[in-house]
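Provided below for reference: sequence and predicted model.
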Amino acid sequence: MMVDCAVIGGGPAGLNAALVLGRSRRQTILFDDNKPRNAVTSESHGFITRDGIHPQEFKRIAQAELSKYPDVTIEKQRVYRINKENEFFQVETEKGEVFTAKKVILATGFKEVLPEIPRVKEFYGKSLFSCPFCDGWELRDRPLAVIADDKKAFHMAKVVSNWTDDVIIFTNGSNVLFQEEQELLKSKGIRINDKKIVTLIGEEGMLEKIQLEDETEVNREGGFITAEWIQAASFDSLEYTLNEQGGIETDNWKRTNIEGVYACGDTRIAGPTQLILAAGEGSMAAIAVNADLIEEKFNDEKQHN
C-alpha cells in the first residue's frame, strides 16, 4: 500500500501534522508507540483551550478528531527502520510490517537524560521540571532550586527568577559559572551552592529538602533541572543532518537535507518546548508536504504534455 505521507511520532507535532494532511485529502499513516517523553507529567500547560490537560487526554481528543478523516490511519506500533528506495520510503515497524510512503515526517521527539542524583526520578514531573514556561506558574513564590551541572545553569536561574524571588542554584559539585555570572546572580539575590548533592528528600514526588555532601539540608519546595537531550528515535539510514543541540536540521518549512523527509517539534529543536509550539511545527511540516506533492503532480503532468 502506497501512502502520501508517513508521520512518525504521535505527540502534538505528529498529531497536528496528521490533521492537516487528513484535511488535505492525503493518504496518511501516523505511527505512535505511545511512549511519550511527558509520561511522568500529569498536566500540560500553555495550550489555549487545553491548559492543564493531562497529556493522555490531549492525545485521546486529538485521535478522536483524526478519526473523522478517512485518509488518516493510526498504527500503534514503533517504526524500526526507514529506507529510501528510489524516490519512495520503505517504513518498517517492530512487527516486521513494511509500509511505502512518498514522504516522511519525523516527529519522534526526544528524551532527557537526567543527572545521576539519588531519587531524582521520583520528583521529576511532580515538583522538579525542565521548562519554567510550562510549570513555573504552579511553583510561583516558593523557595525553588535550579539543579544544573552544565553551562545552562546561568540562563535557567535567570528565567526561574521570573516566578520567585527565592532561587538557589545547585551545581552538584561542578564549576559551571564564570565569576562575572556569579556576581550578577548574587546581585539579584540568587544564591549559589556548589556542593555535591547526596540525595533529594520528600514524599510522593514533592520535594522538601536537598541533602548535600557536608550533611547539611536545604529546604526547597520544587524547582527546575537541566537535562541532556537526545533523539528518542534514530534512523541512521536517512543520513539527515543534526544541529549543535542534537536536533534534526531543517529549513523554515521543516524540510531536512534529505528530499522527502521533514522534521518537526521537539525532534527538530531538541530541548524543552511547549505543546502549542510543537503542534504549530507539525502543521508547517504538513503544509510543506502538501505543497511539494502538488508541485510534483503538476511537474509530472507538464512533462507528459
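Cool, the structure landed. Quick caveat: nothing in here was measured; it's all calculated off a predicted structure.

do you have the helices of the stretch 101-250 of the chain handy? List them.
Secondary structure of the stretch 101-250 of the chain (DSSP state H, counting those that start in this stretch): helices located at 120-123, 132-135, 153-160, 179-187.

can you say which of those helices is nearest to Lys68?
Nearest to Lys68, of all the helices of the stretch 101-250 of the chain, is helix 132-135, at 29.2 Å by C-beta to C-beta. No exception for glycine: its C-beta is placed from N, CA and C like everyone else's.

picking that back up, can you redo the helices of the stretch 101-250 of the chain as CSV with distance to Leu207 and mean neighbour count?
Below are the helices of the stretch 101-250 of the chain laid out as CSV (distance: least, C-beta to C-beta, whole Å; neighbours: other C-beta atoms under 10 Å):
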stretch, distance to Leu207, mean neighbour count
helix 120-123, 5, 18
helix 132-135, 13, 20
helix 153-160, 14, 19
helix 179-187, 21, 13
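
out of these, which comes closest to Arg23?
helix 132-135 (28.1 Å).

can you pull up the bridge partners for Lys209?
In this entry, Lys209 is beta-bridged to Ile201, Asn219, by DSSP bridges.

so where do the strands sit in the stretch 151-300 of the chain?
Assigned by DSSP state E, counting those that start in this stretch, the strands in the stretch 151-300 of the chain fall at 167-170, 191-193, 197-203, 206-212, 217-219, 223-225, 228-231, 261-263.

rank those by pLDDT, which is bottom?
Mean pLDDT per stretch puts strand 228-231 lowest among these, at a mean of 89.

what pairs with it, parallel or antiparallel?
Paired strands of strand 228-231, with direction, are strand 110-113 (antiparallel) (DSSP bridges).

for the partner strand, buried residues please.
Phe110, Lys111, Glu112 (16 or more other C-beta atoms under 10 Å).

what is the nearest of the residues you listed to Tyr80?
Lys111 (17.1 Å).

how many neighbouring residues does the closest residue to that closest one other than its chain neighbours have?
Nearest non-adjacent residue to Lys111, counting by C-beta to C-beta, 6 or more residues apart in numbering: Ala232, 4.8 Å away. The local packing of Ala232 (other C-beta atoms under 10 Å) involves 18 other residues.

what does Glu249 give?
Neighbours of Glu249 (other C-beta under 10 Å): 14.

ok, now which ones touch it?
The contact partners of Glu249, by C-beta atoms under 8 Å, 6 or more residues apart in numbering, come to Tyr240, Thr241, Leu242, Asn243, Thr256, Asn257, Arg268.

farthest pair within those?
Distances among those were taken as C-beta to C-beta; the most separated pair is Asn257 and Arg268, at 12.6 Å.

circling back: so can I have CSV of the contacts of Glu249 showing pLDDT, distance to Val176 and neighbour count?
Formatted as CSV, the contacts of Glu249 follow (pLDDT from 0 to 100; distance: C-beta to C-beta, whole Å; neighbours: other C-beta atoms under 10 Å):
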residue, pLDDT, distance to Val176, neighbour count
Tyr240, 95, 31, 16
Thr241, 95, 29, 10
Leu242, 94, 24, 13
Asn243, 90, 22, 12
Thr256, 98, 33, 21
Asn257, 97, 33, 13
Arg268, 93, 27, 26
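
and of those residues, the nearest to Leu139?
Minimum distance to Leu139 across the contacts of Glu249 is 28.0 Å, recorded for Arg268 (C-beta to C-beta).

so that closest one is in contact with Gln245, correct?
No - if you go by C-beta atoms under 8 Å, Arg268 and Gln245 don't touch, sitting 9.7 Å apart.

hmm, back to that, for Lys121, state which of the buried residues of strand 110-113 is nearest.
The shortest approach to Lys121 among the buried residues of strand 110-113 belongs to Glu112, at 10.8 Å (C-beta to C-beta).
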